[in-house]
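A.B. asks: Provided below for reference: sequence and predicted model.
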Amino acid sequence: MRRGRIRHFPGEKARVRMSRARRESPKNDGVRICPLCMNTGFAHFRFGLLRCGGCGLVVNPALFRQGAGKTLNEEAFGEGWEPETSFWVRWFQIWKNRRYLRTIQKFARGGRLLEVGVGSGRFLEQARAAGFGVMGCDLSPTVCRRVEERIGVPVHCGSVDGLPRASFDVVAMHHVLEHVEDPVGFLRSVREVLRPGGIVHIAVPNIASWEARFSGWNCHVPYHLTHFDSVALARAARAAGLVPVWTATHESFSTWFLTLLRTALDEGQGSRLRQFPPGCPERNQGGRKSHNR
């Protein structure tokens, strides 16, 4: 995201319908204020989530109320975490990373690239092969160690705030922002490490997608704190001093296939995952921790 115009696609604008009684509710199920627009009125969404009446951002109130966001993310990606090793999941992740890189290369042909939230390290590996000087940043010591050992790329173990200012031409954040309690503050920190004219490439699940509306997609409750559509994401970027230049929603066969494949690979737990209550850490009990990042 940098200076330019934002491109919208059909079906992405937030639809907020809420009664006057709900709008004036003083409790709001534990959410005191929207982290994006500072609004205090919310409507019930689904899966125990709430939609902000001011900007349309969907939030998980249980995580804010319990302060469990950091704990749950550490549980999901901490000691014992392993990237998905299925051949088909790896293949489609490689294909998805190529699509990310094609988009990035429309605005930056080279230079230093930072990935925030490195996961398995596959994107860094592919970005390096595409000619970028790459570095990673992740909060999990386990993830940092494994990526450094596997592909030989330096990974800063800590927050973006610990990196030098104005030191990167590209910052890539793929399925990271939805895990952050303060998305605007986080994006401001990301902006600080960008060089003048640099870009930020962000990928988040689209709460307004056809998949989210009709497939029973559970928004990865409880691990996701915030849930964006294109309007809310653009608003967060602008509030952080970034200017959106390109926005797209990918409703493709690969999205549906990966959703079905993740369900099938999760030891028959698909129907159970759809019913997960917010704040419940049971998903990781009794099996290997894996998450496609």
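C.D. replies: That came in fine, so what should we check first?

A.B. asks: So which residues of the stretch 151-293 of the chain form helices?
C.D. replies: 183-192, 210-214, 230-239, 253-265, 270-273 (DSSP state H, counting those that start in this stretch).

A.B. asks: Show me what the residue lying closest to residue 141 once chain neighbours are set aside is bridged to.
C.D. replies: Once flanking residues are discounted, residue 141 sits nearest to residue 157: 5.5 Å by Cβ to Cβ, 6 or more residues apart in numbering. The C-beta positions use only the backbone N, C-alpha and C, and glycine is treated the same way. Beta-bridge partners recorded for residue 157 (DSSP bridges): residue 138.

A.B. asks: wait, isn't residue 157 in contact with residue 136?
C.D. replies: No. Using Cβ atoms under 8 Å, residue 157 is not in contact with residue 136, being 9.2 Å away.

A.B. asks: Neighbours of residue 88, how many?
C.D. replies: Residue 88: 13 surrounding residues under other Cβ atoms under 10 Å.

A.B. asks: any idea how far it lies from residue 118?
C.D. replies: Distance, residue 88 to residue 118, using Cβ to Cβ, to the nearest Å: 22 Å.

A.B. asks: same check, this time on residue 227
C.D. replies: 23 Å.

A.B. asks: Neighbour count for those two, which is higher?
C.D. replies: residue 118 (29 against 26).

A.B. asks: In this structure that one contacts residue 157, no?
C.D. replies: No. The pair residue 118 / residue 157 is not scored as a contact, 10.2 Å apart, by Cβ under 8 Å.

A.B. asks: Now the common contact residues for the two.
C.D. replies: By the contact definition Cβ atoms under 8 Å, 6 or more residues apart in numbering, residue 118 and residue 157 are jointly contacted by 138, 144.

A.B. asks: Helix, strand or coil: sort out residue 148 for me.
C.D. replies: With DSSP: H, G, I helix; E, B strand; the rest coil as the basis, residue 148 sits in helix.

A.B. asks: Tell me which residues touch the nearest residue to it once chain neighbours are set aside, please.
C.D. replies: Excluding the flanking residues, the one nearest residue 148 by Cβ to Cβ, 6+ apart is residue 155, at 5.3 Å. Going by Cβ under 8 Å, 6+ apart, residue 155 touches 118, 135, 136, 137, 138, 143, 144, 147, 148.

A.B. asks: Pick out the most distant pair among the residues you listed.
C.D. replies: 135 and 143 (14.1 Å; Cβ to Cβ).

A.B. asks: neighbour-wise, which of the two wins?
C.D. replies: Remark: of residue 135 and residue 143, residue 143 carries more neighbours, 23 against 18, as counted by other Cβ under 10 Å.

A.B. asks: in the sheet, who's paired with residue 133?
C.D. replies: Residues in beta-bridge contact with residue 133 (DSSP bridges): residue 112.

A.B. asks: Got the confidence number for it?
C.D. replies: Residue 133 carries a pLDDT value of 98.

A.B. asks: Adding distance to residue 178, write the contacts of residue 155 out as JSON lines.
C.D. replies: Compiled in JSON lines, the contacts of residue 155 are given as follows (distance: Cβ to Cβ, whole Å):
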{"residue": "118", "distance to residue 178": "16"}
{"residue": "135", "distance to residue 178": "23"}
{"residue": "136", "distance to residue 178": "19"}
{"residue": "137", "distance to residue 178": "17"}
{"residue": "138", "distance to residue 178": "16"}
{"residue": "143", "distance to residue 178": "17"}
{"residue": "144", "distance to residue 178": "21"}
{"residue": "147", "distance to residue 178": "21"}
{"residue": "148", "distance to residue 178": "25"}
